[in-house]
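Novice: Okay, here's the prediction I keep looking at, along with the sequence it came from:
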Amino acid sequence: MSNLGLNYKFKIMTFQEIDFSRTLTDEQVYETIMSNYSELSKDWICHQWNWMNNVYATFKDHYKYMIVISLVEKTLQFYDQMNIQYSYDEYYSKSYQQIEKFNITELCEKLDLPKETVRRKVLELEKEGVIARNKKKIIIDRKAYPFVKPDNQIKFSAKYIYLVSQALNKDKVYLKKLDQKTIENIIKKKFSLSWRWFYRMQIPLIIGYHKFMKDLTTFHIWGTICMNQVLNVSKQLNTDDKESSLDYFTTNNVLIKNLGTNIGISAMSISDMTNIPRATIIRKCQYLVKEDFVKINAKKQYVLSSMNFRKILPYQTEVFRYKAKFIRKVLNLLVIS
């Protein structure tokens, strides 16, 4: 019997077993964030404030942006379920993105908004050409609004994840040594996956503050006052090099004790920093003063009120669990990549 000379080449698949002893849990990341809060708080506040500024700047309307990214997140979820992944460059190679069909009720539940509000804002987005229908397709047209790729946000996120990884290294919980650029690269390489995780952190986190303060513009203004206060009492928050980091509750007790009334921020400064109109700032701050979230000092500046600052702390501890989940996923991705 002649040899047909057929040579079969078998590709040997090497199965890389995941060493679960090197991966993190949500609880490990959460505990490290809480126990090293004095080292991490300022960067987190700046991370969130930068993101909120971008949210508002896109449409001059926080909720329109939340609707758009909710629709994008749903599509990213579909990609994930189908094991479809896009890098940063691949994802932004087109000026539009096709999205899944959606219904108003689903958006209402996700964003905790009345049906009429969501319907009105979706119609406005359609009139502005942001949401467009092309035959049976529904697309988000990035050319129709001042869209900015999230290069800076990726840098902010990578920096914060890097700082958390250092704290995890110090606590001997996470052994892999990282730098900020490596984290930026993995986010961009696995962009459709990692940015879905990012939105799954931010959407419920921000909507949680919407529920707490009844309005995202109000939260944005309160967050700006908070950032100003935290940065101005940084000397009290910083520990000496010889001392260990302060945990969440100790850090905030130091902050509350040093709130004072001398270092505040004016409505004009808030407006300059956020681009929210000054008249809106004054109106929203009246609510914040009435509800004792902030108070006015002798210089007519806004400062945090210790009473409601204490009220928000327990809520923030729950919010941070969304953050821990996002960071855990990115760091574990680096372990198995």
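Specialist: Ah, there it is.

Novice: Strands along the stretch 51-200 of the chain, start to end?
Specialist: Per DSSP state E, counting those that start in this stretch, the stretch 51-200 of the chain carries strands over the ranges 96-99, 131-134, 137-141.

Novice: least reliable of those going by mean pLDDT?
Specialist: Note on these: strand 131-134 shows the lowest mean pLDDT, a mean of 86.

Novice: And that strand, what's buried?
Specialist: Within strand 131-134, the residues that count as buried by 16 or more other CB atoms under 10 Å are I131. Bear in mind the C-beta positions are built from the backbone N, C-alpha and C, glycine included.

Novice: same question, stretch 205-225
Specialist: For stretch 205-225, by 16+ other CB under 10 Å, it's 205-210, 212-213, 215-225.

Novice: Same check on stretch 147-158?
Specialist: Neighbour-count burial for stretch 147-158, counted by 16+ other CB under 10 Å, picks out 150, 153-158.

Novice: Let me see the contact set for R120.
Specialist: By CB atoms under 8 Å, 6 or more residues apart in numbering, the contact set of R120 is empty.

Novice: Just the local confidence number for it, please.
Specialist: 97.

Novice: show me what contacts I186?
Specialist: 194, 330, 333-334, 337.

Novice: Please render those residues as CSV that adds pLDDT to the earlier fields.
Specialist: Listed next are the contacts of I186 as CSV, based on pLDDT from 0 to 100:
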residue, pLDDT
S194, 97
V330, 97
L333, 94
L334, 93
S337, 75
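
Novice: List buried residues within those residues.
Specialist: Buried residues within these, counting neighbours by 16+ other CB under 10 Å: 194, 330, 333-334.

Novice: could you dump the residues you listed to JSON lines with secondary structure?
Specialist: As requested, those are exported to JSON lines (DSSP: H, G, I helix; E, B strand; the rest coil):
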{"residue": "S194", "secondary structure": "helix"}
{"residue": "V330", "secondary structure": "helix"}
{"residue": "L333", "secondary structure": "helix"}
{"residue": "L334", "secondary structure": "helix"}
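
Novice: Out of these, give me the two with the largest separation.
Specialist: Within the buried ones among the contacts of I186, S194 and L334 form the most distant pair, 10.6 Å apart (CB to CB).

Novice: list the contacts for the residue nearest to A267 when sequence neighbours are not counted?
Specialist: Leaving aside its chain neighbours, A267 sits nearest to I281 (4.5 Å; criterion: CB to CB, 6 or more residues apart in numbering). Contact analysis of I281 by CB under 8 Å, 6+ apart lists 221, 267, 270-271, 274.

Novice: how about a cut-off of 6 Å?
Specialist: 221, 267, 270-271 (CB atoms under 6 Å, 6 or more residues apart in numbering).

Novice: Just name the closest of the contacts of I186 to I33, please.
Specialist: Nearest to I33 among these, with distances taken as CB to CB, is V330, at 13.7 Å.

Novice: List the buried residues of stretch 279-288.
Specialist: Those would be 280-281, 284-285, 287-288, for stretch 279-288 by 16+ other CB under 10 Å.
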